[in-house]
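Participant: sequence first, then the predicted structure:
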Amino acid sequence: MIMTMITGFISLILASLTVIAMILMSADKLKAPFRRLIFGLGASDPTSSIASVFQSLIVAAEGMLAYRIQGTCEAVAFPVFFGFNASQLYTLSVCIYYLHVIRYNTRDRDFAKRIEPWLHCISSIAYRLLRILNLQPVAE
């Protein structure tokens, strides 16, 4: 439990620093599609790191405050669902970028016009739809 909290906290700091470095310290900023996809990945990773830290707290509190666990679990569900799913979808987006650049010789300009908007849409919006579907009450 302690290791999960420590690694989650370290991941949170490093991912946040990566995002800040990409925006503030780079001369290119977010001009290239690859950099924007990595930015999306870096922005979703801190959310999953926060979820890792809070999941450890839920496990620690399970015996002491059992009546509050349901609310805590629901509060942690969003960063878990968003962070992990968005991270995976942005990783897939980076793979798709490399597929188009290496295999199909797609230029960044063409990729940015035709494919990149769809990747961002799927990576950042699809999880919301899945979340809405996942929260529907089950008829008993």
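Facilitator: In hand now; what should we look at?
Participant: contacts, neighbours, all on C-alpha from now
Facilitator: Will do.
Participant: which SS class is the spatially most central residue of the chain?
Facilitator: Nearest to the mean C-alpha position of the chain, counting by C-alpha atoms, centre = their mean, stands Ser44 at 2.6 Å. Three-state assignment for Ser44 (DSSP: H, G, I helix; E, B strand; the rest coil): helix.
Participant: and the residue nearest to it when sequence neighbours are not counted, which helix or strand is it part of?
Facilitator: Take Ser44 and drop its neighbours on the chain: the residue closest to it by C-alpha to C-alpha, 6 or more residues apart in numbering is Gly83, 5.2 Å away. Assigned by DSSP states H and E, Gly83 belongs to helix 69-98.
Participant: mind listing the helices for the protein?
Facilitator: Counting by DSSP state H, the chain has helices at residues 2-20, 33-61, 69-98, 108-114, 116-134.
Participant: out of these, which is the most enclosed?
Facilitator: helix 33-61 (a mean of 21; mean count of other C-alpha atoms under 10 Å).
Participant: I'd like the average pLDDT over it.
Facilitator: The average pLDDT for helix 33-61 rounds to 79.
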